[in-house]
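Have a look at this prediction, sequence included:
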Amino acid sequence: MKILMFPYDLVVSGTTINAIELAAALRNLHGLDVVLFATPGPMQALVREKGLRLLEAPEPRIYPSPARMCALREAVRSERPDLIHVWDWHQCLEAYYSVHLPMRIPMVVTDMSMTFMRLLPKYLPTTFGTPELADKARFVGRRPVGLLLPAVDIKANELGSVDREPFRRALGIRDSDIALVTVSRLDDCMKGESLFRTLEVVRTLARDLPLRFVIVGDGPARGDLTAQANDINFGLGRHVVDLTGALVDPRPAYAAADIIVGMGGSALRGMAFEKPVVVVGEKGFSAPLTPETAEWFYYHGIYGQGDGSEDNEALRETIRSLAERPESAQALGQFSHRFVVEHFDLEKISASFVTFCREAVAVSSLRILTSDAIRTAAVYFRERRFLQLRRGRVRNLPLRPRVS
């Protein structure tokens, strides 16, 4: 089977890594012919490393992008795939109306967002990134529905796969220091809140503990984060916070960490490195991955929403406890590794996805629902301002949450 995979733009992000690693696994482990169609970006380095073939898509000016839709049609004509696999709603709309409906090419869409997207076509084979969202989709009558968890290449992201010392030495992190690491896209929305909150917690805890906080990533919030980091370093009279920028290969940062703070695939890769992980989210949410919380995180996703409290006490006390109790932190790191191996192993997840794709190809020609296409278009035009906001094109959200 030949798959044309249409992922998110090749920016440095967890979803992009997921797509590239899944494409390589489908080829290497299951013998599929996989070609990527994507807008170029820094993650082309990983595409080359994996030996994948890339068809460059035009840079979109608007969504849906007429230029990308035309280019996608040409790619389908030349490649003749058995299936198109798209990620995110932007790519879904472009492929659905330019290729799936008019050219009758079977299609699967993957939605890795943390909220239920009504916009997606109701009768298009769709995978979701959490069991909770998959159950919701089935409950409202969507079909067929699959589960595609954010998979982790366990072998590439295991303790000892990279040397931690060069990264620590480059930043001047001593053996006695406790390295707190976040690997994240520095977005204004969603992730920005937890980053600013963590900075304020570090400002408080670093007065008594030898903490170093390393933020790996880039994005629109970087300027404000840098300003806050500089203020913390100046106020404490020593270097505590570093922003490294984005790393195409962030594994040295995970290896160098003593504690990981993050969400989604980034947190999972930290778990693969046997690190204790504090999961953060929105509205003040934070909780460690423990035997008591693991089942909740598996079902709902490695993320959460709090009650909107501006008090950072839960995050502060979790980090303090892990920093002051290294034996407990080590035990949680070992548990985290077992959790990832059991549920998020790329090899297991790719095998399940192959079955879902084969079923999608087998049944896709049975019917093309015009009513579904009309419904999707109507939802898009009704909600397009909200969808632009989620994409970050509308920049009227506050960058910095108030902190106590």
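Noted; the coordinates are in hand. Predicted model only: the values in this text are computed from it and were never measured.

Surely residue 229 is in a helix?
Yes: assigned with DSSP: H, G, I helix; E, B strand; the rest coil, residue 229 falls within a helix.

if I read this right, it contacts residue 199, doesn't it?
Yes: with contacts counted by C-beta atoms under 8 Å, residue 229 reaches residue 199, the gap being 6.6 Å. Placement of C-beta: from N, CA and C, glycine included.

overlap in contacts of those two?
Counting by C-beta atoms under 8 Å, 6 or more residues apart in numbering, the shared contacts of residue 229 and residue 199 are residue 241.

Could you tell me how many residues sit around residue 60?
17 (other C-beta atoms under 10 Å).

now the helices for the stretch 1-150 of the chain?
14-30, 44-49, 66-79, 88-95, 101-103, 131-139 (DSSP state H, counting those that start in this stretch).

Can you say which of those helices is packed in most?
With neighbours taken as mean count of other C-beta atoms under 10 Å, the helices of the stretch 1-150 of the chain reach their highest mean count in helix 88-95, at a mean of 24.

helices and strands around that one, which ones?
Here helix 88-95 touches strand 2-6, helix 66-79, strand 83-87, strand 107-111, helix 370-391, going by 3 or more C-beta pairs under 8 Å, 6 or more residues apart in numbering; DSSP states H and E.

Now for the nearest residue to residue 70 once chain neighbours are set aside, how many residues are close by?
Leaving out its chain neighbours, the residue that sits closest to residue 70 by C-beta to C-beta, 6 or more residues apart in numbering is residue 98, at 7.4 Å. For residue 98, the tally of surrounding residues (other C-beta under 10 Å) stands at 21.

distance of residue 98 from residue 118?
For residue 98, the distance to residue 118 equals 21 Å [C-beta to C-beta, to the nearest Å].

Check residue 27 too.
Counting by C-beta to C-beta - residue 27 and residue 118 are separated by 34 Å.

what about the stretch 1-150 of the chain, any weak spots by pLDDT?
Applying pLDDT under 70 to the predicted model, the stretch 1-150 of the chain contains no residue that meets it.

Reformat the helices of the stretch 1-150 of the chain as a markdown table; add distance to residue 348.
A markdown table is the format used below for the helices of the stretch 1-150 of the chain (distance: least, C-beta to C-beta, whole Å):
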| stretch | distance to residue 348 |
| --- | --- |
| helix 14-30 | 10 |
| helix 44-49 | 21 |
| helix 66-79 | 28 |
| helix 88-95 | 24 |
| helix 101-103 | 33 |
| helix 131-139 | 15 |
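
now for these, which one comes closest to residue 122?
Closest to residue 122 of the helices of the stretch 1-150 of the chain, according to C-beta to C-beta: helix 131-139, at 9.1 Å.

And the closest one, how far out from the chain middle?
19 Å (C-alpha atoms, centre = their mean, to the nearest Å).

Check which helices and strands that helix is in contact with.
Using 3+ C-beta pairs under 8 Å, 6+ apart: helix 131-139 touches strand 126-128, strand 145-147, helix 294-300.

what's the most buried one of these?
Highest mean neighbour count of the helices and strands packed on helix 131-139: strand 126-128, a mean of 26 (counted as mean count of other C-beta under 10 Å).

re earlier: out of the helices of the stretch 1-150 of the chain, which comes closest to residue 222?
Ranking those by proximity to residue 222 (C-beta to C-beta) places helix 14-30 first, at 17.1 Å.

what comes into contact with that closest one?
Residues outside helix 14-30 that contact it (C-beta under 8 Å, 6+ apart) are 3, 5, 7-10, 32-34, 36, 41, 43, 46-47, 50-52, 87-88, 112, 150-151, 153, 185, 264-266, 346-347, 349-351, 353-354.

Next, the angle helix 88-95 makes with that helix.
Here helix 14-30 runs at an angle of 70 degrees relative to helix 88-95 (axes from the mean of the first three to the mean of the last three C-alpha atoms, to 10 degrees).

Just the CA trace of helix 14-30, in PDB.
Below are the C-alpha coordinates for helix 14-30, written out as PDB (Å, rounded to 0.1, in the frame of the first residue of the first chain):
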ATOM      1  CA  GLY A  14       5.600  17.400  18.700                       C
ATOM      2  CA  THR A  15       2.900  16.700  16.000                       C
ATOM      3  CA  THR A  16       5.500  17.100  13.200                       C
ATOM      4  CA  ILE A  17       7.800  14.700  15.000                       C
ATOM      5  CA  ASN A  18       4.900  12.200  15.500                       C
ATOM      6  CA  ALA A  19       4.100  12.300  11.800                       C
ATOM      7  CA  ILE A  20       7.700  11.800  10.600                       C
ATOM      8  CA  GLU A  21       8.400   9.000  13.000                       C
ATOM      9  CA  LEU A  22       5.100   7.300  12.100                       C
ATOM     10  CA  ALA A  23       5.900   7.600   8.400                       C
ATOM     11  CA  ALA A  24       9.300   5.900   8.900                       C
ATOM     12  CA  ALA A  25       7.800   3.200  11.100                       C
ATOM     13  CA  LEU A  26       5.100   2.400   8.500                       C
ATOM     14  CA  ARG A  27       7.900   1.900   5.900                       C
ATOM     15  CA  ASN A  28      10.500   0.200   8.000                       C
ATOM     16  CA  LEU A  29       8.200  -2.100  10.100                       C
ATOM     17  CA  HIS A  30       5.300  -2.700   7.800                       C
END
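
returning to that earlier point: would you enumerate the residues in contact with the residue nearest to residue 70?
Shown in contact with residue 98 (C-beta under 8 Å, 6+ apart): 69, 70, 72, 73.

hmm, what's the outermost residue in this structure?
Farthest-out residue of the chain from its mean C-alpha position, per C-alpha atoms, centre = their mean: residue 237, at 34.9 Å.

and it, what pLDDT?
On the pLDDT scale, residue 237 is placed at 97.

So it versus residue 206, what's the distance?
10 Å.
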